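J.: Need coordinates for the below:
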Amino acid sequence: MKWIARKEFNRGVGGVLKALREARGISQEELGEALRQNASNKTPEQEDAQLRTIAAICTVVSNMRKEQGLTPEQLAKRSHVPVKFVRSLEALDDLNPDTYFLYCLTLGFGISFHKFWHRIEALVGIPEAELLRDDNEDDSVEGEP
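T.: Purely as a prediction, here's the structure:
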């Protein structure tokens, strides 16, 4: 895995987004207007999905840090990000985490961004009933001992 500067990272992400936008025949102005409308007209379901994704990011970062036996300071140093970013992310204080810093965390963890995001998607995909289930509930299936 290769470290890249923020400028190079943003250029790469921008290039991918531009290619997707152009492939769909959407102008930059149309996309900008759609994003502004979406930001001001989010449904409760969209807000819930966004919060679940943020919570999953925070959970994955915290769990991976603990799995690797790192303190927030050690992870920040290893990832070349501010320790304040790691702490605020784990505390769910940042509802719009810096994507470049997330990329840097994956390098600090020694995994690809793809693998990192796959772990996040797995958490987001857990049904709400399972997330809200009481840990004291019986796990046995009806008819089984």
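J.: Just give me the residue closest to the centre of this structure.
T.: I57 (3.9 Å; Cα atoms, centre = their mean).
J.: The nearest residue to that residue once chain neighbours are set aside and A55, how far apart?
T.: Nearest residue to I57 in three dimensions, chain neighbours excluded: I120, at 5.6 Å (Cβ to Cβ, 6 or more residues apart in numbering). To be clear about C-beta, it is placed using only N, CA and C from the backbone, and glycine gets the same treatment. I120 sits 10 Å away from A55, going by Cβ to Cβ, to the nearest Å.
J.: quick one: which of those two has more around it?
T.: The neighbour comparison of I120 against A55 (other Cβ atoms under 10 Å) goes to I120, with 20 against 16.
J.: Which of the helices or strands spans the more buried one?
T.: helix 113-124 (DSSP states H and E).
J.: following the lengthiest helix in the chain, which helix or strand shows up next?
T.: If you go by DSSP state H, the chain has its longest helix at helix 44-67. Per DSSP H and E, the first helix or strand lying C-terminal to helix 44-67 is helix 72-79.
J.: Mind giving me the packing neighbours of that next one?
T.: Applying 3 or more Cβ pairs under 8 Å, 6 or more residues apart in numbering; DSSP states H and E, one finds that helix 72-79 makes contact with helix 83-90, helix 99-109.
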